[in-house]
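Colleague: missing the sequence, but the structure's below:
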């Protein structure tokens, strides 16, 4: 049976772990190292760490990231504030498997080709944050969803694939933290336009949403924040991850891949 | 002491973390005398094949690794790119490898992949083996490992293959030639399946041929 990845996304801010809704109102949840330890015990498939302050701060907190990563016995992708090859090299040497490039994919796309040439395509994830603009057109946003680009998510995904990116991490800004399910039309538009894996992110509220993202959206993997760190919509914090049997019954077993 | 070979590529720290977890001391080094004195050599690697070989040549590690593996019969474990480098040649960069295992590294045959089988092959795959000691004592059968790769091994002799995974088609994902073992997946990032595999490797005895 093919196992499809279900990936917890941990948002980092102010030396803690946070979670908000639609890229706003981040709420402090605790120490990410404790979360990583729980995800280890529950054998999570992979973790994505995103430092949501890094671009504005203009630096990557390497020592802290290394402390978090040294507790993780699953693959780790890190994103936040990455603008240079040297930063990416430093992260790989400290135990990160993949770098997640977001604003730089729009502002300095040459970085994708540079990192892919040295570390391979599989080590380069491009995260695309997207929502509809006032004219109803999908646009990719840089700088934590604050700065619109001229690209549609499809155009940006295709350009990044051509530069050597190995995976697209596609986030619906409006769905983030909503528990309403993934935006399947958005997913389909991107998954049908590229040959590389696309990870669905933004909106997962139940395991049932995972299979939809794969079967109807064409996603190669699914990611979620709130679902794995809250007990439910508008409820308290509870770090959880489904067991292998639960995933097999409610997720991979139902996928058509 | 296990030496994790530092040639400027790879997730060295992750491997050391996992070895520490299982109580196996290791050092990360690219120094010739440290590598020459190693009881076991672990060749990591994440990245481009030709770039990896260039780094090995640049540090004059190619001959040293060949000598340790073939003449001193030091146990070698290659992981991911480090495993591919053990072969003769890769299509990635059309480049010669260390030649320790009778295999080449080839790209996924896209004509045999289904529409949902993307390249790179990325994720957890059940890994089938025929009772190889590297997989002794796993909590589940078959164990699942984390894979991230665009190229895979192609062995001359099927006897060299010690395990297989499926991505569009079955491919050999682990190889052994005497004291030299290579795995395409990442044991250091595969939870209990990975820690058990590394524990098994640390305990494996290899008789000189």
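Modeller: Right, received. Where do you want to start? Please read all numbers here as calculations on a predicted model, not as lab measurements.
Colleague: how far does the longest helix that chain B contains sit from its chain's centre?
Modeller: Criterion DSSP state H: the longest helix present in chain B is helix B:191-203. In terms of C-alpha atoms, centre = their mean, to the nearest Å, the centre of helix B:191-203 is set 13 Å apart from its chain centre.
Colleague: could you say what helices and strands that helix packs with?
Modeller: Helices and strands touching helix B:191-203, by 3 or more C-beta pairs under 8 Å, 6 or more residues apart in numbering or on different chains; DSSP states H and E, are helix B:12-21, strand B:144-149. All C-beta atoms are positioned from the backbone trio N, CA, C, and that covers glycine.
Colleague: wait, which of the ones you listed is closest to residue A:159?
Modeller: Across those, the minimum distance to residue A:159, taken as C-beta to C-beta, is reached by strand B:144-149, at 22.4 Å.
Colleague: other SSEs contacting that closest one?
Modeller: strand B:121-126, strand B:161-167, helix B:191-203.
Colleague: quick one on the thing from earlier: and the helices and strands packed on helix B:191-203, which is most packed in?
Modeller: With neighbours defined as mean count of other C-beta atoms under 10 Å in any protein chain shown, the helices and strands packed on helix B:191-203 peak in mean count at strand B:144-149, which reaches a mean of 24.
Colleague: list the neighbouring strands of the very next helix or strand once past that one plus their orientation.
Modeller: The element immediately downstream of strand B:144-149 (helix or strand, assigned by DSSP states H and E) is strand B:151-155. According to DSSP bridges, strand B:151-155 has the following sheet partners: strand B:103-107 (antiparallel).
Colleague: just the buried positions in the strand it pairs with, please.
Modeller: Within strand B:103-107, the residues that qualify as buried by neighbour count (16 or more other C-beta atoms under 10 Å in any protein chain shown) are B:103, B:104, B:105, B:106.
Colleague: got a markdown table for these, with distance to residue B:187 too?
Modeller: Shown next, in a markdown table, are those (distance: C-beta to C-beta, whole Å):
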| residue | distance to residue B:187 |
| --- | --- |
| B:103 | 19 |
| B:104 | 23 |
| B:105 | 19 |
| B:106 | 23 |
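Colleague: tell me which of these is nearest to residue A:39?
Modeller: residue B:105 (32.3 Å).
Colleague: residue A:125 should be in a strand, yeah?
Modeller: Yes: the assignment for residue A:125 (DSSP: H, G, I helix; E, B strand; the rest coil) places it in a strand.
Colleague: what about it, neighbour count?
Modeller: In terms of burial, residue A:125 registers 28 neighbours under the definition other C-beta atoms under 10 Å in any protein chain shown.
Colleague: same deal with residue A:177?
Modeller: Residue A:177 has 23 neighbouring residues, counting by other C-beta under 10 Å.
Colleague: how about residue B:155?
Modeller: Count around residue B:155 with other C-beta under 10 Å applied: 17.
Colleague: now do the contacts for the residue nearest to residue B:6 when sequence neighbours are not counted.
Modeller: Excluding its sequence neighbours, the residue lying closest to residue B:6 (C-beta to C-beta, 6 or more residues apart in numbering or on different chains) is residue B:30, at 4.0 Å. With contacts taken as C-beta atoms under 8 Å, 6 or more residues apart in numbering or on different chains, residue B:30 has the following neighbours: B:5, B:6, B:7, B:8, B:59, B:61.
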